[in-house]
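>>> Predicted coordinates and the sequence they were generated for:
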Amino acid sequence: MGFDKVASSPLFIVGLALVIIGLVQMGAGFVVLFRRRPVGFAIRLLAGLAVTLAGLLAGTIAIGIQGYAAFTRETVAATITVSPSGPQRFDAHLRFADGREERFTIAGDELYVDARILKWKPIANLLGLHTAYELDRIAGRYTSVEQERTATRTVYPIGTPKPLDLFDLRKRYAWLAPLVDAEYGSATFVPVSKPMEIEVRVSTTGLLAREVSG
């Protein structure tokens, strides 16, 4: 999601409007102060500051959820075509739901994919914010624990770059706790022993990987 899409999102527009209202209110407070009305100044300043902070929070959330896709039920996050290329090696062609495509060479017996999940609290649902996800990594996984510890590891990031990541912000700042839960991720893996197409689906309980029947 580019900045143009962020700037056109309802949450960002509301945040910007609140910031403008808050700044105007604080400006009015200084006008009142010049008229020697300290009580009126304090009231307008505090009200303007509160509205401005609410607007900044809304803007931060709008920017922080870039790259995340909302869902309310099970949905296809990506389709992956895999093809063995050697012993414990396979090629993976990843097609995201938004049309983006990437290719990887992966070592292991199984295909592994994980995601970050943002679960909004009920108060945030009232603002139109719902559970969202972003696929985070694709990797190979060995059946043998010993190989998992010592054999070649292949791990690739598949998330999109973003100026702010609400998942990381939630883990760092406890004051976001009343709005969003970013305490967990989700992962799925599937054995790769033949060429096949796999759907990676995300639901309210986490990720699922299913072979697409031919």
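Sure thing, it's come through.
>>> got the residue ranges for the strands in the chain?
Assigned by DSSP state E, the chain shows strands spanning 69-70, 75-86, 89-96, 101-107, 110-120, 132-141, 155-157, 180-181, 185-191, 196-203, 206-211.
>>> what's R201 in contact with, if anything?
Going by C-beta atoms under 8 Å, 6 or more residues apart in numbering, R201 touches E74, T75, V76, A77, L207, L208, A209, R210. Where C-beta positions appear, they are placed from N, C-alpha and C, glycine not excepted.
>>> Leaving out chain neighbours, which residue sits closest to the second one?
Distance criterion C-beta to C-beta, 6 or more residues apart in numbering; nearest residue to T75, sequence neighbours excluded, is V202 at 6.1 Å.
>>> before we move on, what about the first one?
In this structure, E74 finds its nearest non-sequential neighbour in S203, 4.0 Å apart by C-beta to C-beta, 6+ apart.
>>> And for the one you found, the neighbour number?
When counting by other C-beta atoms under 10 Å, one arrives at 16 neighbours for S203.
>>> and what of V155?
Neighbours of V155 (other C-beta under 10 Å): 13.
>>> Does it touch A139 like I think?
Yes: V155 lies in contact with A139 (C-beta atoms under 8 Å); the separation is 4.2 Å.
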